[in-house]
Each structure stands twice: as C-alpha cells, then as structure tokens.
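K.L.:
Sequence first, then the predicted structure:
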Amino acid sequence: MPESMKKDIASGKKIIKKDLQQLTSKEAVKTKRFWMLWTMMLINTTAGIMMISVASPMAQEVVGLSAAAAATMVGVMGIFNGGGRLGWAAASDYIGRSNIFIIFFSIQIVAFLTLPFITSVLIFQFLILLVVSCYGGGFSNLPAFIGDLFGTKQLGAIHGYLLTTWSLGGVFGPMIVSQIRERTDSYIPVFYVFSALILLAFVVSIMMKLDIRKSEKQLEQKQKHAVS
C-alpha cells in the first residue's frame, strides 16, 4: 500500500501516513466517501465561481464601491485565487485535508452571514477575497485528498470524475445568483441562499472527518493484529 509523508506538528519530524484504501475509479465512485467529497467540491466551487462572476456589481451595489475600485478588487481576486491554492495546500500538509475543508466552510459561513450587514468597504472586500481563496484552495487540495482517501492507483481518473463539479459549479453559481438578483432586485438574498448551501457542505465535511477517523482506527487495529 503506497504511503505518503506528513510532518508531525509537535516534533517537526516526518511520519508515515498510509492511504486509507487503494481503489480503481469504478470502485471509488461507488463509495459514500466519493460522493461526500463530490458534494463538498460542488458547493465550494459553486460559491467561488458565483463570487467571481458578480463581485464587481455586488460590491458596487451593497457597499457603494466605485466601478474603478471594483475592477481593482477583481484583479486582486486572481491573486487570492492563486495564493489560496498555494497557501491552503501547504497548510493541509500539517493539519490534514479534511480539516482544511472544515475550515473552508467555517470561513464561508461566517463570510456569507456577515456580508449583508457590512458597511465597511475594506471588510467587505476582505471577506470576498477569503471566499475566493477557499475556492482556489479546494482545487489545490483535491488531488492529495483523493490520494489519501482512494490511493494513487487511478488517481487521475478519480480526479477527472470529481472535476465535473467545476463544470457544474460554473453553471450553477452564475445561474443561481442571476435568478435571485432578477427576482428580488437585490444581492442580499444571495448571501443567505449560499449560507444554507455552505452549511450543508460543512455538515458533510464533518461527516467525512468522522468517517476518515473511523477508517484510520480500523486500519491501525488491522496493523496491530498483523504485527501480533
């Protein structure tokens, strides 16, 4: 069974972390773990693409950002998207992929519930940039998370299946926000709709964490029995 290197936070030493399983792509898609990860990625991607697609008009309407300042913010969003991919991926090596996704959704719940009440232009932009960093971080953590959960046997194929969430998020994100904006003549309800979606993703991420912990304990028990 392939093994991956991971640093212990307390000692700084590298320890060996075994993948939970070695599955083919066909086997992986039949597991609940695959569909939990698929759901998490879909919601994270939908929220991120939604924010990218309407950040400029949303900021102008909600906090009165000027068109020029909004355009600048959109440019900075690209930096946070790329920086989030690097930063969150590095952090996940220390605190774990499942924990990173829990952090993603915790940040986004706070952001989406807070944004309707924000009057500060700087804080509004900061929260939007945080959401975008989580969007980028989701993609950078995905391949390693797949390896942890399903092994590297057919990692590329499994990754391809999970990237369907990118295509769907690209459709659902802009579609949801445009429909809400058209029906309510406001971006405010968008924050509450996405708060509910992110809350669902948060619950799924907790379930994933518990499922992984259970599997790790079972794997440890098998290893102890094999040694004895």
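P.N.:
Thanks, I have it.
K.L.:
so who does K224 touch?
P.N.:
Counting by CB atoms under 8 Å, 6 or more residues apart in numbering, K224 touches no other residue. (Each C-beta comes from the backbone N, C-alpha and C, glycine too.)
K.L.:
let me redo that: R33
P.N.:
149-150, 208, 211-212.
K.L.:
thought W166 was touching N44?
P.N.:
No - taking contacts as CB atoms under 8 Å, W166 lies outside contact range of N44: 10.3 Å.
K.L.:
Following element in sequence after the helix or strand hosting S133, please.
P.N.:
If you go by DSSP states H and E, S133 is part of helix 121-150. Next in sequence after helix 121-150, counting helices and strands by DSSP H and E, comes helix 155-162.
K.L.:
quick revisit: going by neighbour count, which of the contacts of R33 comes out on top?
P.N.:
Within the contacts of R33, F150 tops the neighbour count with 26 neighbours, counted by other CB atoms under 10 Å.
K.L.:
what's that one in contact with, if anything?
P.N.:
By CB under 8 Å, 6+ apart, the residues touching F150 are 19-23, 27-28, 31, 33-34, 158.
K.L.:
buried set for the helix holding S133?
P.N.:
Across helix 121-150, burial judged by 16 or more other CB atoms under 10 Å covers 121, 124-125, 127-150.
K.L.:
Ok, stretch 26-37 next?
P.N.:
By neighbour count with 16+ other CB under 10 Å, stretch 26-37 contains the buried residues 28-29, 33-34, 36-37.
K.L.:
Helices - which of these land there?
P.N.:
28, 33-34, 36-37 (DSSP state H).
K.L.:
so which of the contacts of R33 comes closest to Y94?
P.N.:
Distance to Y94, by CB to CB, is smallest for I212 among the contacts of R33, at 16.3 Å.
K.L.:
correct me, but that closest one touches F145?
P.N.:
No - the pair I212 and F145 does not pass the contact test of CB under 8 Å, sitting 10.0 Å apart.
K.L.:
shared neighbours of these two, anything?
P.N.:
S98.
K.L.:
Got the confidence number for A201?
P.N.:
A201 is assigned 97 on the pLDDT scale.
K.L.:
what do you get for S133?
P.N.:
S133 is assigned 97 on the pLDDT scale.
K.L.:
swap in Q223?
P.N.:
Turning to Q223, the model gives it a pLDDT of 71.
K.L.:
got it, and K153?
P.N.:
pLDDT recorded at K153 is 89.
K.L.:
and if you look at V227?
P.N.:
At V227, the predicted lDDT confidence score is 68.
K.L.:
Same question for Q125.
P.N.:
At Q125, pLDDT is 96.
K.L.:
Kindly report the same for V62.
P.N.:
94.
K.L.:
Would you report the backbone torsion angles of it?
P.N.:
In terms of degrees, to the nearest 10, the main-chain angles of V62 are phi -80, psi -50.
K.L.:
Just to check, it is in contact with Y187?
P.N.:
Yes - between V62 and Y187 a contact is recorded at 5.9 Å, counting by CB under 8 Å.
K.L.:
Can you name the residues that contact the residue nearest the centre of the chain?
P.N.:
Centroid-nearest residue in the chain: G138, 3.8 Å away (criterion: CA atoms, centre = their mean). If you count contacts by CB under 8 Å, 6+ apart, G138 has them with 40-41, 44-45, 48, 101, 104.
K.L.:
Relative to Q218, how far out is it?
P.N.:
27 Å (CB to CB, to the nearest Å).
K.L.:
I'd like to know how many residues surround V171.
P.N.:
Residue neighbour count, defined by other CB under 10 Å, stands at 11 for V171.
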